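S.K.: fold the following, please.
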Amino acid sequence: MAKARFIHDGNSIDYTPGADVTAGDVIVQGTLVGVAKLDIAANTLGALAVRGVFDVAKAAVAFTPGAAVYWDADGNPVGGTAGTGAATTTRTGNTFMGFALAAANEAATTVRTALRSVESAIAETLGLGDLSDVGPVTYTAGRVLVADGDSFESVAVSGNATLAANGALTVTGAAVGDTKEIAFGTSKLARSGNNVIATLPASDPGVAGALWNDSGTLKVSTGT
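M.R.: I've put the predicted structure just below:
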């Protein structure tokens, strides 16, 4: 028994609308954008082109060749009826439909577009974990990808720091030791509500970089 049967080349897809569709209408289904090449009556099987090159009504924005084109379902087309839909360069809140093949300034009414939303829809199904050199990914706040020599692995930040979901890194009090003290030779840094450096010399020790306490003012010796 055949495991697959060829249907068509995929440049168009079947579409049965709930209302009449006019040739040239842009139809969005999820992340898939198609264009009706012929009129389709309501509740009648028709087809939408999902590949091909079309001149698409655009908003008052400029396009450069190769720029991503997004369909704004309630956009304002240049020279058309406001709110009826238009191609735009704005990604947020709109649906990727393809790439501009030619420049179009803000006053132009259309942008020549190669439909490519099929490829985009496929890409949307892929995740970071689908990459062959990335291990199982846990999308938990505070984790980072770390190279372990042969792949990237998702690991939690640990030790004396925490990483928030917004990227903020916080170093905890334990960073100065479990006793909250760090020794510096004959001196130490103690943390108990205040940071205090005890047993510093009260006069310049004459050692470059050495700290000393000049009547309550912390100074660094120049070594002279």
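
S.K.: now the helices for this protein?
M.R.: 117-124 (DSSP state H).

S.K.: where in the chain is pLDDT low?
M.R.: 121-131, 137, 173-198 (pLDDT under 70).

S.K.: now do 50
M.R.: 174-178 (pLDDT under 50).

S.K.: show me how the record splits it into domains.
M.R.: Structural domains annotated on the chain: 12-124, 128-171, 176-220, as defined by automatic domain parsing.

S.K.: any chance of those domains in a markdown table, with mean neighbour count and distance to residue 5 too?
M.R.: The C-beta positions use only the backbone N, C-alpha and C, and glycine is treated the same way. Shown next, in a markdown table, are the domains of the chain (neighbours: other CB atoms under 10 Å; distance: least, CB to CB, whole Å):
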| stretch | mean neighbour count | distance to residue 5 |
| --- | --- | --- |
| domain 12-124 | 17 | 15 |
| domain 128-171 | 11 | 27 |
| domain 176-220 | 12 | 68 |
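
S.K.: now distance to residue 4 too, for those, in TSV please.
M.R.: Formatted as TSV, the domains of the chain follow (distance: least, CB to CB, whole Å):
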stretch	distance to residue 4
domain 12-124	17
domain 128-171	22
domain 176-220	63
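
S.K.: wait, which of these is closest to residue 6?
M.R.: domain 12-124 (14.7 Å; CB to CB).

S.K.: endpoints of stretch 86-99, how far apart?
M.R.: 14 Å (CA to CA, to the nearest Å).

S.K.: what's that stretch in contact with?
M.R.: Contact with stretch 86-99 is made by 26, 28, 31, 33, 56-59, 61-63, 66-73, 75-78, 80, 111, 113-117, 120, as judged by CB atoms under 8 Å, 6 or more residues apart in numbering.

S.K.: of the domains of the chain, give the one that comes closest to residue 2.
M.R.: domain 12-124 (21.0 Å).

S.K.: quick one: distance of that closest one to the chain centre.
M.R.: Distance of domain 12-124 from the chain centroid (CA atoms, centre = their mean, to the nearest Å) equals 23 Å.

S.K.: stretch 158-167 too?
M.R.: So, by CA atoms, centre = their mean, the centroid of stretch 158-167 is 20 Å from its chain's centroid.

S.K.: same question for stretch 216-224.
M.R.: For stretch 216-224, the distance to the chain centre is 49 Å (CA atoms, centre = their mean).

S.K.: ends of it, how far apart?
M.R.: 21 Å.

S.K.: do stretch 60-73 as well
M.R.: 15 Å.

S.K.: so what touches it?
M.R.: 26, 28, 33, 56, 59, 76, 78, 85-91, 93-107, 111, 113.

S.K.: and if you look at stretch 29-42?
M.R.: 12-13, 15-27, 46-50, 52, 54, 56, 71, 95-98, 115, 117-118, 120-121, 124.

S.K.: in strands, which of those residues appear?
M.R.: Members of these lying in strands (criterion: DSSP state E): 12-13, 15, 26-27, 46-49, 52, 54, 56, 71, 95-98, 115.

S.K.: what residues are up against the residue in the chain sticking out farthest from the centre?
M.R.: In the chain, residue 203 marks the outermost C-alpha relative to the chain mean, sitting 56.2 Å out by CA atoms, centre = their mean. Residues near residue 203 by CB under 8 Å, 6+ apart: residue 212.
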